[in-house]
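J.: sequence first, then the predicted structure, then my questions.
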Amino acid sequence: MDSEYLEKAVGSFLVKGLAEVAAIQPHDPIHALSLIFHGYCDVRDAKLRVEQEDQERREREQKERERLEREEQERIEAEKREREQLEQEQREKEEAEQQQALLLQRQQQNIEVEAETKREGQNTMDTAADNVNSSNSNSNN
């Protein structure tokens with residue numbers, strides 16, 4: 001059980017480190033092995049830092065993309081609301097124009113009816129006057 005852990009955790013580093021110590025054959029092989037392990041740790045830590053920085057950069061880029069997408073969506077929605085508002089205003093303007101046209105049409109009809117009524121009244125008065133004149137003429141004869 002412990003040998004499996006050691007093999008997984010430090011097996012490849014230990015084999016590489018021992019191979020380097022054997023190739024160099026320093027006066028203090030334990031110190032040399034510790035320096036090699038520190039070098040491995042530094043490389044491992046550097047790789048981890050790079051991976052972490054890459055992950056943070058990807059997250060920042062993702063957040064920026066999401067922010068830009070939100071802004072674009074908000075812009076599209078604002079344009080849609082503005083377009084709908086302009087369409088509503090246009091409909092209201094057209095309705096007002098139609099109502100104004102109907103009002104003018106009704107006023108024109110009222111004027112025509114009043115004029116017709118006046119003409120009929122004038123005709124009635126003319127007929128009555130003619131009848132009175134005619135009666136007066138007949139009475140004078």
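T.: Received, thanks.
J.: just give me the neighbour total for residue 10.
T.: 13 (other C-beta atoms under 10 Å). (Each C-beta comes from the backbone N, C-alpha and C, glycine too.)
J.: repeat for residue 17
T.: 19.
J.: helices of the protein, start to end?
T.: Taking DSSP state H, the helices of the chain run over residues 2-24, 29-140.
J.: with mean pLDDT added, can I get those in TSV?
T.: Putting those into TSV (pLDDT from 0 to 100) gives the following:
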stretch	mean pLDDT
helix 2-24	87
helix 29-140	89
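J.: output stretch 53-69 as PDB, nothing but the C-alphas.
T.: C-alpha atoms of stretch 53-69 as PDB (Å, rounded to 0.1, in the frame of the first residue of the first chain):
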ATOM      1  CA  GLU A  53      -2.700  32.000 -14.600                       C
ATOM      2  CA  ASP A  54      -4.000  30.400 -17.900                       C
ATOM      3  CA  GLN A  55      -7.200  29.400 -16.000                       C
ATOM      4  CA  GLU A  56      -7.600  32.800 -14.500                       C
ATOM      5  CA  ARG A  57      -7.100  34.400 -18.000                       C
ATOM      6  CA  ARG A  58      -9.700  32.100 -19.500                       C
ATOM      7  CA  GLU A  59     -12.100  33.000 -16.800                       C
ATOM      8  CA  ARG A  60     -11.500  36.700 -17.300                       C
ATOM      9  CA  GLU A  61     -12.000  36.300 -21.000                       C
ATOM     10  CA  GLN A  62     -15.200  34.300 -20.500                       C
ATOM     11  CA  LYS A  63     -16.500  37.000 -18.100                       C
ATOM     12  CA  GLU A  64     -15.600  39.600 -20.700                       C
ATOM     13  CA  ARG A  65     -17.400  37.700 -23.400                       C
ATOM     14  CA  GLU A  66     -20.400  37.300 -21.200                       C
ATOM     15  CA  ARG A  67     -20.300  41.000 -20.400                       C
ATOM     16  CA  LEU A  68     -20.200  41.900 -24.100                       C
ATOM     17  CA  GLU A  69     -23.000  39.500 -24.800                       C
END
